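Engineer: could you work out the structure for the sequence below:
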Amino acid sequence: KPGASLGAGYLGLGAAILTAIEAVAGIAFFLVRWNEYSDPLLPTVAWVLYIVAAVGVGLSVLTYGERLTGPAFALICVVLACVVTLDFIGIWPEHDIAHTATASMAAGFALLPIATLRPAREVAAAIGALGIAFIVMAVVSTPITHDTMPGIVSLLSLVVVPPSLALYVVQRFRQLVQRELDRVLVQSNVQAPQFAVGMLASDELARLDLAAEKLLDAVANGTDPLPLSDASSSVAASLATELRLHLIE
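Structural biologist: Have a look, this model is predicted:
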């Protein structure tokens, strides 16, 4: 379903706040190390594209509610892929992905709020593709040594683990809500006969109505003249009692 399920919107809001905090920290980190980049133009373009996309998604959620269609999700993935590509090309000359990747790392956090809006398999596929892209980039651009390995592992963890945890939490939350809804439905079906007329009430009322109409018609056309016979009086009393019981229910 292309939308947030019951209560998942609050999780999405919290995830969006975390994404915004990480984006601000990433921009600050990028500006602090501005002079260390051989050419900061492409990473800058990547950040601008990221911010524009984030603002667009925010306005879309405010306008159309907590829903994200398939084409919109595909467009977001394409934009994030462009952000990652631009950032990778920009930091390639540094040959140190762990200390230079900023906008591309923020792409992983961008998947946090999306985890509440799209099916798990789609978000998991996006997380997997992003993780593979970082692994390939790390292998081909950064010398793998004892000094660089901890930074690369930490970077991969920051990119993959947060959205994966968000996806897990959202799925568990949805299962919890669904289980509670099922429990409420079962309890209502079990306890309802104690307080309501029951599932066959309509058929029972229709039978009583037909019997009452026949009796009144018989009195009206003279088939069963007044005063009523003992048998007819007994039938009328029985119908009245049953109708009163249903009215009380």
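
Engineer: lowest-pLDDT helix or strand in this structure?
Structural biologist: Lowest by mean pLDDT, DSSP states H and E among the helices and strands of the chain is helix 201-220, with a mean of 77.

Engineer: got the contact list for the helix or strand following it?
Structural biologist: Per DSSP states H and E, the first helix or strand lying C-terminal to helix 201-220 is helix 230-248. For helix 230-248, the surrounding residues in contact (Cβ atoms under 8 Å, 6 or more residues apart in numbering) are V197, A201, E204, L205, L208, A211, A212, L215, A218, D224, L228. For the C-beta atoms, the positions are set from N, CA and C on the backbone; glycine is no exception.

Engineer: any weak-confidence spans in this protein?
Structural biologist: Applying pLDDT under 70 to the chain flags residues 1-9, 65, 188-202, 249.

Engineer: which strands or helices does the least confident helix or strand of the chain pack on?
Structural biologist: In terms of contacts (3 or more Cβ pairs under 8 Å, 6 or more residues apart in numbering; DSSP states H and E), helix 201-220 is packed against helix 230-248.

Engineer: count of neighbours near the residue nearest to P43 when sequence neighbours are not counted?
Structural biologist: Residue nearest to P43 in three dimensions, not counting chain neighbours: G90, with 4.1 Å by Cβ to Cβ, 6 or more residues apart in numbering. Neighbour count of G90, defined by other Cβ atoms under 10 Å: 24.

Engineer: how about K214?
Structural biologist: K214: 14 neighbours (other Cβ under 10 Å).

Engineer: going forward, count from 51.
Structural biologist: Sure, I'll start counting at 51 from here, so that last one is K264.

Engineer: tell me the spacing between it and A270.
Structural biologist: From K264 across to A270, the span is 11 Å (Cβ to Cβ, to the nearest Å).

Engineer: next one: V210
Structural biologist: 82 Å.

Engineer: more neighbours: those two, which one.
Structural biologist: V210 (19 against 9).

Engineer: contact partners for the more buried one?
Structural biologist: Contacts for V210 were tallied using Cβ under 8 Å, 6+ apart; they are G158, I177, L180, G181, F184.

Engineer: so what secondary structure elements neighbour the helix or strand harbouring the first one?
Structural biologist: Right, the one you point to is G158. For G158, the element it lies in under DSSP H and E is helix 153-159. On a contact count with 3+ Cβ pairs under 8 Å, 6+ apart, helix 153-159 meets helix 58-82, helix 91-114, helix 120-141, helix 170-191, helix 199-245.

Engineer: so which of those helices is the most surrounded?
Structural biologist: helix 120-141 (a mean of 19; mean count of other Cβ atoms under 10 Å).

Engineer: what does that helix contact?
Structural biologist: Residues outside helix 120-141 that contact it (Cβ under 8 Å, 6+ apart): 52, 87, 89-93, 95-96, 99-100, 103, 107, 110, 118, 147, 150-154, 156-157, 160-161, 164, 167-168, 172, 176, 180, 183, 187, 191.

Engineer: hmm, 7 Å instead?
Structural biologist: 52, 89-90, 92-93, 95-96, 99-100, 103, 107, 147, 150-154, 157, 160, 164, 168, 172, 176, 183, 187 (Cβ atoms under 7 Å, 6 or more residues apart in numbering).

Engineer: kindly report the same for stretch 69-80.
Structural biologist: For stretch 69-80, using Cβ under 7 Å, 6+ apart, the contacting residues are P93, W97, T152, A153, M155, A156, F159, A160, L162, P163.

Engineer: same question for stretch 170-186.
Structural biologist: 123, 127, 134, 157-158, 161, 164-165, 205-206, 209-210, 213-214, 217, 221.

Engineer: likewise for stretch 88-107?
Structural biologist: Stretch 88-107 is contacted from outside by 77, 80, 84, 87, 126, 129, 132-133, 136-137, 139-141, 143-144, 152-153, 156, using Cβ under 7 Å, 6+ apart.
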